[in-house]
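> Return a 3D structure for these sequence lines:
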Amino acid sequence: MNWHRIAKIIRKEFIQLRRDPRLLRLVLFAPVFQLFIFGYSVTTDVTHISTAVLDEDRTSASRALTERFVRSRYFDFDHNISHPDEIDRLLDSGKAQMVLRIPLGFARDLARGRTAEVQLILDGSDSMTAGIVSGYANGVIRDHSARIAAERLDRVRARIPRLPSLDPRLRVWYNPELKSVYFMVPAIMCTILLVVTTLLTSLAIVKEREIGTLEQLIVTPIRPRELMLGKTVPFVIIGFVDMTLVLLAAVLWFRVPVAGSIPLLFLLSAAFLLTTLGIGLFISTISRTQQQAMMTTFFFLLPSFLLSGFMFPIENMPRLIQYITYAIPLRYFLVIVRGIFLKGNGLAVLWPQVAILAAFGLAIMWLAAARFQKRLG
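You can find the predicted model right below:
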């Protein structure tokens with residue numbers, strides 16, 4: 001292994017990058033731009049839910065329930081309707097996401113100690129949003145019901161002072177305010193690192209083949225291992241630079257707290273970079289043109305986004321799909337990054353994910369190297 005020759009290849013790669021200012025801007029500034037776009041758009045928080053209310057009871061009890069919804073920060077009561085026929089029109093036109101219908105006799109049932117019914121009609125065309133809205137609405141109704149029950153219990157306690165009760169105390173660890181940005185921004189950083197390093201590396205060998213310089217490199221004393229190392233080291237440096245920029249934006253702009261060690265985060269990211277660079281190199285060896293390399297890369301990236309737990313919990317997936325997710329390197333890196341950001345986990349907790357990523361990386365690198373040497377031969 002001649003490190004002088006490797007250094008020359010690394011220098012050549014940076015010279016080529018400097019001569020392409022558009023690619024340089026894309027590599028350095030696009031990841032930060034993507035973080036801002038995805039950081040604000042990719043969120044599971046749903047607020048300002050357009051809501052209509054059909055109050056058929058028109059009593060103080062029904063108005064108290066409506067005000068309970070208004071006081072929550074989730075629902076905007078934009079429509080007051082007087083007839084059930086208007087419900088279809090509002091939901092069909094998309095002017096309302098939810099209709100709160102309070103039937104006649106609501107206050108009477110409460111006064112008599114019966115279970116009072118309330119109807120929630122949701123727009124289920126977006127099932128994810130509908131599920132979140134349903135959870136918010138049920139929470140508001142449960143809180144209102146608990147308040148009514150507490151008021152009646154207070155009157156009972158006045159007559160029976162020693163009435164037993166339960167007082168639940170809820171405490172949320174790691175993300176007390178339940179902000180989805182704390183959960184999503186570290187994941188976006190992982191996906192940006194995956195896209196940039198895999199895509200750039202997949203084009204490395206193919207670009208040399210297309211412009212006719214790969215044959216010139218082959219006839220030089222450079223060995224295949226040296227060529228591969230020289231081609232990948234620049235993208236490792238670019239990956240860490242992008243990671244630094246995105247990390248600064250996440251901490252300084254989005255105010256995402258980092259509970260763990262940042263040096264450990266960079267150290268463990270090397271195991272993930274080993275897998276992304278290996279995948280990129282393997283794609284580069286099986287592609288003849290840059291278009292083929294890009295299409296193959298995106299064919300790999302899409303399952304990584306969907307099956308890694310980036311957006312959807314793996315536990316909710318079908319059993320067969322859950323087994324497939326074990327072959328997705330991004331799954332393990334997400335656990336590492338979120339663990340360091342939110343929980344302050346160290347290597348004692350994260351070592352299984354690190355070991356799997358390292359094994360993935362070494363296997364993929366070996367496969368890419370074997371394929372590369374075979375193609376050169």
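
> next helix or strand past the helix or strand hosting I324?
Using DSSP states H and E, I324 maps to helix 319-325. Remark: after helix 319-325, the chain's next helix or strand is helix 329-338, criterion DSSP H and E.

> Send over that following helix as PDB, restricted to the C-alpha atoms.
Extracted in PDB, the C-alpha atoms of helix 329-338 (Å, rounded to 0.1, in the frame of the first residue of the first chain):
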ATOM      1  CA  PRO A 329     -28.000  -0.200   7.800                       C
ATOM      2  CA  LEU A 330     -29.800   3.100   8.300                       C
ATOM      3  CA  ARG A 331     -32.000   1.400  10.900                       C
ATOM      4  CA  TYR A 332     -29.000   0.900  13.300                       C
ATOM      5  CA  PHE A 333     -27.600   4.300  12.700                       C
ATOM      6  CA  LEU A 334     -30.900   6.000  13.600                       C
ATOM      7  CA  VAL A 335     -30.800   4.200  16.900                       C
ATOM      8  CA  ILE A 336     -27.200   5.400  17.500                       C
ATOM      9  CA  VAL A 337     -27.900   9.100  16.600                       C
ATOM     10  CA  ARG A 338     -31.200   9.300  18.400                       C
END
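
> Which is the succeeding secondary structure element to it?
Immediately after helix 329-338, counting by DSSP H and E, sits helix 347-376.

> Next up, identify which helix or strand F77 is on.
F77 belongs to strand 75-81, assigned by DSSP H and E.

> How about that strand, which residues are buried there?
The neighbour-count check on strand 75-81 (16 or more other CB atoms under 10 Å) flags F75, F77, H79, I81 as buried. C-betas here are computed from N, CA, C, even on glycine.

> so the last one touches D88, yeah?
Same thing as I81. No - assessed by CB atoms under 8 Å, I81 is found out of contact with D88, at 10.8 Å.

> Give me the buried positions along stretch 271-291.
271-285, 287.

> Just confirm V256 is within a strand.
No - counting by DSSP: H, G, I helix; E, B strand; the rest coil, V256 is located in no strand; its state is coil.

> neighbours around it, how many?
By other CB atoms under 10 Å, the residues close to V256 number 21.

> R171 too?
Based on other CB under 10 Å, the number of other residues close to R171 is 5.

> Is it in a helix, a strand, or coil?
Assignment for R171 (three-state DSSP): coil.

> phi, psi of it?
The phi/psi pair for R171 (degrees, to the nearest 10) reads phi -140, psi 120.

> in the stretch 151-300 of the chain, which segments are predicted with low confidence?
155-168, 212-221, 224 (pLDDT under 70).

> all helices of it, in order?
180-202, 204-211, 214-218, 224-252, 262-286, 290-307 (DSSP state H, counting those that start in this stretch).

> any idea how far G278 is from the residue nearest to A358 when sequence neighbours are not counted?
Using CB to CB, 6 or more residues apart in numbering and skipping the chain neighbours, the partner closest in space to A358 is A271 (4.9 Å). For A271, the distance to G278 (CB to CB, to the nearest Å) stands at 11 Å.

> follow-up on the earlier one: quick check: mean pLDDT of the helix holding I324?
Averaged across helix 319-325, the pLDDT comes to 92.

> and if you look at stretch 93-106?
The model assigns stretch 93-106 a mean pLDDT of 88.

> got the buried residues for it?
The neighbour-count check on stretch 93-106 (16+ other CB under 10 Å) flags A96, Q97, M98, V99, L100, R101, I102, F106 as buried.

> so the nearest residue to the last one once chain neighbours are set aside, which of the three states?
Using CB to CB, 6+ apart and skipping residues adjacent in sequence, the residue nearest F106 is D57, 4.2 Å away. In terms of secondary structure, D57 is coil; the call rests on three-state DSSP.
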